[in-house]
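Engineer: Predicted model and sequence follow; I will ask about them next.
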Amino acid sequence: MPQPTTKRFIIELFFSITLLALLLSLMQAGPASANSKASLLAEPNALELTSVEMSKEGYFVLRSNTAPAATTWQLERWSAAPTATQLNNQQPLTLYPWPANTQQLTLSGFANGTYYFRLRASNNNYSNVVKVQVDHYPLWQALSLFSLGLGLFVIVVVVIAKGAYRSANATEEPL
Amino acid sequence: MSSAYALTPQLGLTLVVLFGAGWIAFGYWLGRSNRSHEDFALAGRQVGLALAAATAMATWVTSNTTLVAPQLTYQFGVWGMVGYSFAALGLLLFAPLAKRIKQLMPGGYTAGDFVRSRYGKPAWYLFLVISAVYALAWLVSLGMAGGILLQALSGLDYHLGMTAILVICVGYTLFGGFKAVIATDFVQAVIIIIGVVVVAGLLLTQVSVTSVHEQLTQQHPQLLDLLFPAAIMFLFNNIFFGLGEIFHSNVWWTRALSFKSQVGAKAFVLGGLLWLPIPIVTGFIALAAPQLGIFPPSADMVGPMVAAAVLGKVGAVVVFVVVFSALASSLDSLLAASADLLTRDVYQQQLRPQANDQQLLKVNRYSIVALGILTWLLCLPQLATLGALLNFAGAFVASTIMPIILGLYQPKLTGSYATAAMLLGTCAGLVGYLLIGFYVAALLSCLISSSICMIGVIRSRSRFDWQLLQQRQD
Amino acid sequence: MLISAEWLQGLILSCLVLAAVAPLVLLLLWVRDWRQQGLW
């Protein structure tokens, strides 16, 4: 049997792991709050749109520096980096209604490609254009993880099935 | 939707008060017949099939199914909802284990009891740490979800909703004990399923699956893609997370121990089968969102937003009732099961082995209140990162899968290998989470821990005597 | 490789039917247990 110090060591180790994990998750949230500070420092009236540059899952969050009081704002999607004249003369590919009272919108389901977005407020006040690159994980990577998971899962099921079968048939085994 | 919130604050508040008073009164009524600590903690160990299956199903339907299933569907599409419904495998595979648990330790109280008597104290300490990390992360995420839900639907302050759900659940669990937990679970299970079916059914009268499919093919094709890489990667990780959650958690062990012996396995199979279609039905709600022109601020709000848009005010009330039931049915179970662990594994084993039945009953009640207060304090600052802590829990809980299974069936696995498996599995999972991504945490954790267990079984020369399990309980 | 509209429809409708039957199953079992005095 291990000494009490070993026990304490194990417990302390685990608590420090948990603490570390918590700190790291706080750090991950760090850059986002830095961004919002930066946008506060910018011109207070300008409508500003921000987003991640890369998504490997086909979904991403777009953030605005202000929130509308009602659902009157629209997010525009453009096919290519639009020039100023195009922005004024052409129609965007798609319009997404921006929800009321929030500073962010989540879009999903995009295939590989580059997407451009601009936010239009009700008073014809436009934001900057942001670019999001969608680049999914390679399929081989996904399928190898899938196979690994499947293999491990089959092992788990077999171990349970064998155990259950044996314990059901081992009537002589004392309980 | 021109107005900002689907419900007025007055209506939101009225619903909370009505709900709270109803559940607490019900809990009080149920708790009158509790005489001993065994009655309070395990409902007298004679729970029948109907209540057993309903409590298994309802506890597993948490905010996870009503909010996260639409969220995952919105993010990962068809694989998101099908993959999420695979979490039912956790309940189905726990069925044989539940039977074995009841057979090996008919007089046992907690999962901690088993780990201590099977693997010895070092493994037990480690197991308690893993249980604590998981239980706290889950409690906090449930409390926070209650606050966020009420705020999103009615504009009431986050702290009010969070406090309300905690007070309600602590209240009826305190009065009624485990009986209140499973009886409310039964009612909540029926409410949840009916609510989800009504919302999805009414949604189908407004949009057809064909038109949803057409819209998604044009605008969000990845959601329908069966070879969506991120979704394929997430699939098995999610399954192992679910297995780890169920296999290790005292929430499920107290259920296995409280069900009648011939009922246990059946109840988990039935609970799993009843649960299986729910994520797909709630997931469909999210798939229809783009068709309805609804794009949520964050992916987890997509379900409530669509329901409110489809059904208007009635929809918002239905969503409120369903999600509040889902939250409550898990929160009460987790409070009760964690309080049992504190009472049995900390108070009785560590502090006062000679405690009598009435003392245990009292400590169990204090533990429920203490856990409620602790959760309330942790929910108070509304740190999103604390909610995200639940993601890390995958690395912790998946490391217990093999040690638990082999501990129940394979006499060759010893305590030191089980301890090493849980410790190194958790570390591997956390490293994987931080270096590769969330979608490998549970997978790596289970992989490493299983490998260590296998080595342990092959190299072992000792055989555990199952009778020791019974003797060490007393 | 996108899932076809028919498969998606089949998946969703079958799950909806299963979910709709579930409360009935639970209530029937409850009545049975209650009549046998075996609720708990």
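Structural biologist: Good, I have the coordinates. Residues are numbered from 1 along each chain as shown, chains lettered A, B, ... in the order given.

Engineer: what ranges do the helices span in the stretch 251-400 of chain B?
Structural biologist: B:264-275, B:278-287, B:302-341, B:357-379, B:384-398 (DSSP state H, counting those that start in this stretch).

Engineer: How about the helix or strand encompassing B:Asn238 and chain C, touching?
Structural biologist: Element membership for B:Asn238 (DSSP states H and E) is helix B:229-248. No. Helix B:229-248 stays clear of chain C (CB under 8 Å from any CB of the partner chain), getting no nearer than 11.6 Å. The way it works is simple: take the backbone N, C-alpha and C, and place the C-beta from them, glycine included.

Engineer: quick one: that helix to helix B:264-275, angle?
Structural biologist: Interaxial angle of helix B:229-248 relative to helix B:264-275 (axes from the mean of the first three to the mean of the last three CA atoms, to 10 degrees): 150 degrees.

Engineer: Which neighbouring elements make contact with helix B:229-248?
Structural biologist: Other helices and strands packing on helix B:229-248, by 3 or more CB pairs under 8 Å, 6 or more residues apart in numbering or on different chains; DSSP states H and E, are helix A:139-169, helix B:69-85, helix B:88-104, helix B:121-154, helix B:384-398, helix B:401-409, helix B:441-459.

Engineer: That helix to helix B:441-459, inter-axis angle?
Structural biologist: 50 degrees.

Engineer: how far does helix B:229-248 sit from the chain's center?
Structural biologist: Centroid displacement of helix B:229-248 relative to its chain, using CA atoms, centre = their mean, to the nearest Å, is 14 Å.

Engineer: pLDDT of that helix, averaged?
Structural biologist: Mean pLDDT, helix B:229-248: 93.

Engineer: got the angle between it and helix B:401-409?
Structural biologist: Taking the same axes, to 10 degrees, one finds that helix B:229-248 is oriented at 40 degrees with respect to helix B:401-409.

Engineer: Helix B:229-248 to helix B:69-85, inter-axis angle?
Structural biologist: Here the directions of helix B:229-248 and helix B:69-85 differ by 70 degrees (the same axes, to 10 degrees).

Engineer: nearest to B:Lys99, of the helices of the stretch 251-400 of chain B?
Structural biologist: The closest of those to B:Lys99 is helix B:264-275. By CB to CB, the value is 4.3 Å.

Engineer: buried ones in that closest one?
Structural biologist: For helix B:264-275, the neighbour count (16 or more other CB atoms under 10 Å in any protein chain shown) marks B:Gly264, B:Ala265, B:Lys266, B:Ala267, B:Phe268, B:Val269, B:Leu270, B:Gly271, B:Gly272, B:Leu273, B:Leu274, B:Trp275 as buried.

Engineer: Tell me which residues touch the fourth one, please.
Structural biologist: So the one you mean is B:Ala267. By CB atoms under 8 Å, 6 or more residues apart in numbering or on different chains, B:Ala267 lies in contact with B:Leu49, B:Ala52, B:Ala53, B:Ala56, B:Ala95, B:Ala98, B:Arg255, B:Phe259.

Engineer: Just the buried residues of those.
Structural biologist: So, by 16+ other CB under 10 Å, the buried ones in those are B:Leu49, B:Ala52, B:Ala53, B:Ala56, B:Ala95, B:Ala98, B:Arg255, B:Phe259.

Engineer: Before I go, just wanted to say thanks for your time.
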